[in-house]
Structures are given as C-alpha cells and as structure tokens.
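Colleague: A structural model of the following input is requested.
(chains A and B)
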Amino acid sequence: MEEVAKLLNHMLEAGVILDYAVFGAVAQMRYTEAVTTLDADILVSVSNPKAIDVLGPLYRFCDALGYHPEGEAIRVGVWPVQLIPAFDDLTEEAIRKAENADLDGTPIRVVSADFLAVIALSVGRAKDFARILSLREVGAVDDKQISAIAGRHGLVEAWHRFQEKFDEA
Amino acid sequence: MRHDLRALLAQQAAWQRSRAEQSWAEKLRLSILMREDLRPLRKPNSQKEENRSKSKEIDWGGPVGREVW
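Modeller: So this is what the prediction gives:
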C-alpha cells in the first residue's frame, strides 16, 4: 500500500489531482481488524469533474509510470486501485476533511472514521451497515458526529433507521 | 445469559479488539493474505457473467462495492 500512497502523492504534486483520500475497506482497516477486500478505493478531487473522460488524464499519468489499467482499476503492486471522483457533497467534504496518516513512514490521506461511516450509511447495503457497526464497536466513531454529518447531507432518516435497526432498546 | 457464555463472549471481544490494535500497515498485509486465501473459492468470471445474465436483481455495485465480505 506504500507504493499506492507514493503514487497518489506523486499525482498530487504533479497537479493531476487536486486532492485524494483513501476510503472503503482499506480506510476502515485503519481502525478495525483486517477485512478482505479486492481493491483499494480512492476518492479523488479533480479540476474538471464534469468532463466526459474525467479519469483519462489520471489513467494516462499512471500508465506513463508503468501502472496499467486492469478492469476498472489500475494495478499498483498487489493492489488494484480504483480512482473514484468525488460524486456528491458528502464525498467532497470527506476529501476536504480527510486526515493525514502515516503508512510505514509514507504520508497518505484517509477519510476520517466518521465520514467513512456516513458514506457507508449513504450507500446502505448490508456490508456497509456492517462497516458502521465495526467502526462503532472499536470506538472509532462518535454517534453525535455521524448525526451531524448525516444532517448536513440529507441522511438523518437513514441514520435514524440504522439506529432503530441496530441499537438495543 | 450464562456466566461462562458471557465470559467467552468477553474474551472473544477482547481478542477482536487486540487484532484491531495491530498497525494499519500490518492489517493491510494481512488483508492481502486473506484475499489470496479466498481466491480459489471465487467463481470464475465466465460463471459470474452467466449468473448475472440470469439474475433480475439490480446491480447496485457502488464505490465501496468491492469487498468480498
């Protein structure tokens, strides 16, 4: 994953992306026990998010460095890396408020636990709920913070439904 | 709840917490090993395509939809 972090930092320095933040299972594992995942999901902020070929310049940059596309991802060492442009206000804020972490000495930006939980809430599948529960179990998230973020992004009802479903009476 | 069962659950929870306390880099390495262990169990792509065409379910595969678990 260090190689992925170095590539992302290189893309940032070169101005190919404006910002990035790791999310999904890879980010979750910063807090919880290890889980199995097929790839690393990276939220990216780009200068032309409405362009038809929004990922084209990113793929070309990686390709020139020897990191070639593989399906919907780019292969970086053992990790297929999926670059996902921020797709709504929530993911844009998640990138802006990402944390600067350290991976074996390599700096890397990561979506914070509370945003990770709210993004999972917005997707809303069983495994996304499991992610929220895992983050809560290890005390990585604060329900008040989740509630505040959910409130800013129209997810209050989803959060209440989650609580009704999973919180003990 | 029976006392011995409660103790067993507490022990398991403590074990899970201790695994969560490993370094992020170590957990990512472990995740890769787990992925490799699961590889022989996964359906080949051809079979996945066949099943997909038979299925009427909507594929909601979103941005965090890559996890195996």
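Colleague: Please report the distance of the residue positioned nearest the centre of chain A from chain B.
Modeller: Geometric centre of chain A, nearest residue: residue A:23, 1.8 Å, by Cα atoms, centre = their mean. The spacing between residue A:23 and chain B, counted by Cβ to the nearest Cβ, to the nearest Å, is 7 Å. The way it works is simple: take the backbone N, C-alpha and C, and place the C-beta from them, glycine included.
Colleague: Now that residue, what are its backbone angles?
Modeller: phi -140, psi -160 (degrees, to the nearest 10).
Colleague: now it, which residues is it bridged with?
Modeller: Here residue A:23 sits in beta bridges with residue A:41, going by DSSP bridges.
Colleague: Which residues are in contact with it?
Modeller: A:41, A:42, A:43, A:94, A:110, A:111, A:115, A:116, A:119, B:63, B:64 (Cβ atoms under 8 Å, 6 or more residues apart in numbering or on different chains).
Colleague: Backbone dihedrals for residue A:37, please?
Modeller: The phi/psi pair for residue A:37 (degrees, to the nearest 10) reads phi -150, psi 150.
Colleague: how close does it sit to residue A:15?
Modeller: Here residue A:37 is placed at a distance of 29 Å from residue A:15 (Cβ to Cβ, to the nearest Å).
Colleague: Specify which residue of these two has the higher count of neighbours.
Modeller: residue A:37 (24 against 9; other Cβ atoms under 10 Å in any protein chain shown).
Colleague: what about the spatially closest residue to that one that is not a sequence neighbour, distance to residue A:46?
Modeller: With Cβ to Cβ, 6 or more residues apart in numbering or on different chains as the criterion, residue A:37 has its nearest non-adjacent residue at 3.7 Å, and that residue is residue A:25. From residue A:25 across to residue A:46, the span is 23 Å (Cβ to Cβ).
Colleague: Which of these two has more residues huddled nearby?
Modeller: residue A:25 (26 against 19).
Colleague: is it true that that one touches residue A:34?
Modeller: No. Using Cβ atoms under 8 Å, residue A:25 is not in contact with residue A:34; the gap is 9.4 Å.
Colleague: Give me the common contacts of the two.
Modeller: Contacts common to residue A:25 and residue A:34, judged by Cβ under 8 Å, 6+ apart, are residue B:31.
Colleague: which other helices and strands contact the helix or strand containing residue A:165?
Modeller: If you go by DSSP states H and E, residue A:165 is part of helix A:156-166. The contact analysis (3 or more Cβ pairs under 8 Å, 6 or more residues apart in numbering or on different chains; DSSP states H and E) places helix A:156-166 against helix A:113-123, helix A:126-137, helix A:143-152.
Colleague: now the angle from that helix to helix A:143-152?
Modeller: Per axes from the mean of the first three to the mean of the last three Cα atoms, to 10 degrees, the angle that helix A:156-166 makes with helix A:143-152 is 140 degrees.
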